Structures are given as C-alpha cells and as structure tokens.
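> Okay, predicted coordinates and the sequence, questions at the end:
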Amino acid sequence: MRKCVFCGKSKLTREHVVPRWVSALFGTLAAGTAQLFGADGKITRFSIRPFDQAVKSVCATCNGGWMSDLELQVKGYLGPMIKTGAITNLDVDQQRVLALWCVKTALMFEAMHQASETVPRREFQKLYSQRAVPKRYHVWIAKRDSYVDATGFELMVSSNKKS
C-alpha cells in the first residue's frame, strides 16, 4: 500500500501539483506538449494541460492541514507577484514561507514521476518534520518574460485560448 510521501500515513488524496488558485490566475489554457528527460537521455513527450497535474501521494491530514495552511499563507502576496510580475518586497518570514512553498511544490512535481526518483523520500520527510527548508537548500524566485527556453522549445502556452 502506498503511503504519504511526507508523513507516511495511508489513505492518500489527490493533490494538485500547482495549486488551483495559481491556475485560476491564467484562465483556461489550451493543452500543449511536455517533455520528460530520463536519466538515460531518452525524451518522452506527452500532451498536457498547463497546471492540471495532480498526484495521489499525500494523505488527507497533510493535504488539508499544513499544506493547505502554507497555500493560504503565500497566496496573498504570491498571486499578485505571479499575475503582474511586480517587484515585491518580502519580509524575512514571508521569504521563509515562500521558500517552503517553493520546495513543497517542487517535491510535488517530483512525486508525479515516482518511477524515476530524483529526490530521495527522506527529503520529503525532512521537510515535513522540520516545516522549514533544509539549510543546504537555496531557493530563488524570479519573473520570466518568455515561455521559450534556450533551445527554442515552448515551455507553456502563453495565450488564454480555450480548447
């Protein structure tokens, strides 16, 4: 039986990798193509709708508890930062909470691909037990003006076309 990646309990629930409130900032976006780069160098391409990924890797207690609380703490200032790209001054506590949210969200992306474990499960459990970003982690957040990477690959559909 699969267990919560954070606390180890069973009875898993679906968790949106990117929270619904972030998705709502962009409206309905058309499906696109994503790429997953394997450790062997193989590239797997698949159709995907931006911000619509969910994983069944966390329990109801974590999902509706500390993870939900974390979302509520960052939503008020992160939402406007994402939507407008405005420069925002954050106090030390806001920076700590936002860094924790970023790492938690990155770990949810990791949980989407359990077959190819890049981040050891102990890192999930450490984040849960400390409720803080481990000291050896560094988190940066910045605005991106383009959805095209250095190779010319379009990272995200940049229009609000409905499909």
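It's in.
> Helix, strand, or coil at the residue nearest the centre of the chain?
Compute the mean C-alpha point of the chain, and by Cα atoms, centre = their mean the closest residue is residue 105, 2.9 Å away. Here residue 105 is recorded as helix under DSSP: H, G, I helix; E, B strand; the rest coil.
> Then residue 72?
Assignment for residue 72 (three-state DSSP): helix.
> one step back: can you verify my assumption that the residue nearest to the centre of the chain contacts residue 15?
No: using Cβ atoms under 8 Å, residue 105 is not in contact with residue 15; the gap is 10.2 Å. Placement of C-beta: from N, CA and C, glycine included.
> returning to that earlier point: pLDDT wise, what is the residue nearest to the centre of the chain at?
If you check residue 105, the pLDDT there is 94.
> pLDDT at residue 116, what is it?
pLDDT, residue 116: 69.
> If you rank every helix and strand of this protein by mean pLDDT, what lands last?
Taking mean pLDDT, DSSP states H and E as the measure, the chain has strand 32-37 as its least confident helix or strand, at a mean of 77.
> What distance do you get for the residue lying closest to residue 9 once chain neighbours are set aside to residue 132?
Leaving aside its sequence neighbours, residue 9 sits nearest to residue 59 (Cβ to Cβ, 6 or more residues apart in numbering; 4.2 Å). Applying Cβ to Cβ, to the nearest Å, the value for residue 59 to residue 132 is 20 Å.
> out of these two, which sits in the busier spot?
Neighbours per residue (other Cβ atoms under 10 Å) separate residue 59 from residue 132, with residue 59 holding more: 20 against 14.
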